[in-house]
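K.L.:
quick one, fold the following:
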Amino acid sequence: METWTVETDDDGGHLEVHSFRPVAEASIPGASSATDEPGVVLVHGTLVTDSLYWPFARNLSVLLGRPVHSYNRRGRGRSAPQPPSYSAATETSDLLSVMEASGSTDVVGHSYGGFVALQAALRAPISRLVTYDAAVSLSGNLNGRWRPQLEEAVTAGQLDNAWAHLVQGLGTAGPISYLPLGALRVISILSAKTRLGSEMRELLPTAVLEMRAIMDADSHIQDYAELKTPTLMLSGGWSPAYFAETGRQLAAAIPAVDFSVVPLQFHEGPLRPGKQLAVRIARYLAQGAVTLG
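P.N.:
The predicted model follows:
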């Protein structure tokens, strides 16, 4: 793994990038094993850093025989903090900066990262795009997921309460999401003793701005009519249903978009062990828009 920095187009902005290059022959039919092939940029979700995606990025690089570049979005690791003017435009510009600096043509985005990737594809050429549980707001369908109590709790420094409202509102933590707020607060207190739990608490302020960015970018189906990038929208079979519904709606209306459900996968699919999801994504990136069954 290589670690390097990309300068962004705003004054003093920078992003920490981690690059993975293939060390074995590609195992997806049609994929090239040449290490000088154009890269793939991986965009992570909310409340995490890109380090959780490193095994996934490494698998994808080997399968494709191409470099895969993951980066810490604003407010994480050694990347710049979220600026006062933070919005979806900040993220799309950052993604395009990483693509240009790394010589990448394709993008894979998870959750909020999928939202960012779709926004970028409307602004600039992307050869091929895959999203997993893209957090896209269509005609206000995510309004009920946003809880003002989240922002109020973060402002008051009540991070356990904030985490409980975020998890229950989004429903992305599997069965845990349906527990009462009191139980979720206890889980937050206990998880804060772990490295991952502590990191998630520290990132709660970034989640507030990211949720607001999604709401502010609420769109309608026709807003994606100009999307030309061949796009595969995936959703986990065990993910909250609203992710799949968004994918189905866009695929039904936009010729460039295909949609498929990946069975037996939760929302955090790219973070879990195993290669099933990486193989599914690599096949699409390597061969084009094919029927994935």
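
K.L.:
what sits against residue 137?
P.N.:
Under the criterion of Cβ atoms under 8 Å, 6 or more residues apart in numbering, the neighbours of residue 137 are 143, 214-215, 217-219. Glycine gets a C-beta too; all of them are placed from N, C-alpha and C.

K.L.:
adding neighbour count, write those residues out as JSON lines.
P.N.:
Below are the contacts of residue 137 laid out as JSON lines (neighbours: other Cβ atoms under 10 Å):
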{"residue": "143", "neighbour count": "10"}
{"residue": "214", "neighbour count": "19"}
{"residue": "215", "neighbour count": "14"}
{"residue": "217", "neighbour count": "19"}
{"residue": "218", "neighbour count": "15"}
{"residue": "219", "neighbour count": "15"}
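
K.L.:
surely residue 209 and residue 81 touch.
P.N.:
No: Residue 209 lies out of contact with residue 81 (Cβ atoms under 8 Å); the separation is 10.4 Å.

K.L.:
which one of these two has more residues nearby?
P.N.:
The neighbour comparison of residue 209 against residue 81 (other Cβ atoms under 10 Å) goes to residue 209, with 18 against 12.

K.L.:
residues contacting the nearest residue to the more buried one once chain neighbours are set aside?
P.N.:
Counting by Cβ to Cβ, 6 or more residues apart in numbering, residue 86 is the residue found nearest to residue 209 once chain neighbours are left out, at 5.1 Å. Residue 86 makes contact with 74, 209, 213 under the criterion Cβ under 8 Å, 6+ apart.

K.L.:
give me the residues contacting the helix or strand hosting the second one.
P.N.:
Counting by DSSP states H and E, the element that carries residue 209 is helix 204-216. Outside helix 204-216, the residues that touch it by Cβ under 8 Å, 6+ apart are 46-47, 74-76, 82, 86-88, 91, 112, 115, 135-137, 142-143, 146, 150-151, 154, 159, 162-163, 166.
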